[in-house]
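> okay, here's the prediction I keep looking at, along with the sequence it came from:
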Amino acid sequence: AMESRLSVAGDSVELSAVLREVAPHETKPESPSGGKIRGGALDPELGVLILVHSPPVGHKDSKPLPQLAELIKCATLRFDLTGCGDNGGKPRIGSHERDALDIRAAVLHVRERLHRNVLGLFGVGEGGTAV
């Protein structure tokens, strides 16, 4: 797998993001029974799954997002919501409106800048509520 850091044009700030690409047919970790699990990754051409962290304390590199990105074996984009992680702005409290704008910016980035489909949105904690 390969990760690259990039910037997503948000509504009010640039959103720091990580695009994780996978190679088809990567070997998955050993199973609990000790055997190797072979499973192909989804073809990167199919699209990108967008992962959303839990604001205001989470960020794109906080657990479990990097671990999920590794386990699900498809291309992923995870990013910092406004006011979180590497981004400027004030963290939102009590409203998902700005989070929704940031998520929209990530979707548009995948579609219009990367020219790929969005496979779906996956959020944890408050990020799941915003999704």
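Here it is on my side, so go on.

> give me the nearest residue to Asp99, chain neighbours excluded.
Ala130 (3.8 Å; CB to CB, 6 or more residues apart in numbering). Quick note: C-beta positions are derived from backbone N, CA and C, even for glycine.

> which ones are touching that neighbour?
Going by CB atoms under 8 Å, 6 or more residues apart in numbering, Ala130 touches Val52, Pro55, Leu81, His96, Asp99, Ala100, Ile103, Gly123.

> leaving out chain neighbours, which residue sits closest to the fourth one?
Once its chain neighbours are removed from consideration, His96 has its nearest residue in Ala130; the separation is 4.4 Å (CB to CB, 6+ apart).

> and the pLDDT at the one you found?
Predicted confidence (pLDDT) for Ala130: 79.

> look up how far Leu114 lies from it.
21 Å (CB to CB, to the nearest Å).

> next, name the residue at the spatial heart of the protein.
The centroid of the chain falls nearest to Arg78 when counting by CA atoms, centre = their mean (2.3 Å).

> mind pulling up the pLDDT for that residue?
Confidence score, pLDDT, at Arg78: 97.

> thanks a lot, see you next time.
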